[in-house]
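**Student:** sequence unknown, structure follows:
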């Protein structure tokens, strides 16, 4: 089977929920859970972290689980991904953030498949995933990252912040938006940024464990709608942050 590479984008320097990748789900950390979930879903995880001294603990976790890792720029994750692909000779990959602990491995595989079949530069996450459901990320080719760096030379600056990825995917890119799966569920929040997010994710863990399929999680939330209310209001805060970052980026561009 061909490797289906997943770059787990992670750093320990989180502001809203401190050290969230080291928080526990049962006997393992969130990061260990994400790595193990990749392996269970027949994906090949590569821990993509930073050179920051605080992230050495992340490297120890990767070594402990016997998976490859890469360290690169802290804020410039596009450059970090590119350097990782170059060093490890990866031509295509999917992005999974370590704060999306219950990502859908089947959605990841389908996204990577679209990248090949449609000969795209990038496959964007579904609208539902973007709106907090956190089921999948982006599928990229290494050549697409080269194209971004060529179009925006200032990205070569390791200190440049590339948090808002879509700002660099201009009209020259062949893009597809992942339509999602038939079992996708709207109006849920399964990313990990706030204490309320952790509360919901722990409820899922206690009832379904680490390796439940995303379809099963969605069915569980359908049957326990009160759980959704634990953290969904936090999406408003997240959307405000995204709007602020976008406006900040536009001002810099002008």
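**Tutor:** Received, thanks. Only a predicted model underlies this, so the values are computations on that prediction, with no experimental measurement involved.

**Student:** what's stretch 88-98 in contact with?
**Tutor:** Residues outside stretch 88-98 that contact it (CB atoms under 8 Å, 6 or more residues apart in numbering) are 4-10, 20-21, 30-31, 34, 38, 43, 45-46, 68, 70, 81, 84-85, 103, 108, 111-112, 115-116, 134, 136-143, 191. (C-beta placed from N, C-alpha, C; glycine too.)

**Student:** are any of those residues buried, and which?
**Tutor:** Listed as buried from the contacts of stretch 88-98 are 4-10, 20-21, 30-31, 34, 38, 43, 45-46, 68, 70, 81, 84-85, 103, 108, 111-112, 115, 134, 136-142, 191; burial here means 16 or more other CB atoms under 10 Å.

**Student:** taking these one by one, which sit in helices?
**Tutor:** Of those, the ones assigned to helices by DSSP state H are 30, 31, 34, 38, 81, 84, 85, 108, 111, 112, 115, 142.

**Student:** now do the spatially closest residue to the third one that is not a sequence neighbour against residue 44, distance only.
**Tutor:** Spelled out, it's residue 34. Spatial nearest neighbour of residue 34, chain neighbours left out: residue 98 (5.2 Å); criterion: CB to CB, 6 or more residues apart in numbering. Residue 98 sits 16 Å away from residue 44 when distances are taken as CB to CB, to the nearest Å.

**Student:** skipping adjacent residues, who's closest to residue 185 in space?
**Tutor:** Using CB to CB, 6+ apart and skipping residues adjacent in sequence, the residue nearest residue 185 is residue 218, 4.2 Å away.

**Student:** oh, that last question was meant for residue 189, not what I typed.
**Tutor:** Spatial nearest neighbour of residue 189, chain neighbours left out: residue 132 (3.9 Å); criterion: CB to CB, 6+ apart.

**Student:** need the pLDDT of the one you found.
**Tutor:** The predicted structure scores residue 132 at 93 on the pLDDT scale.
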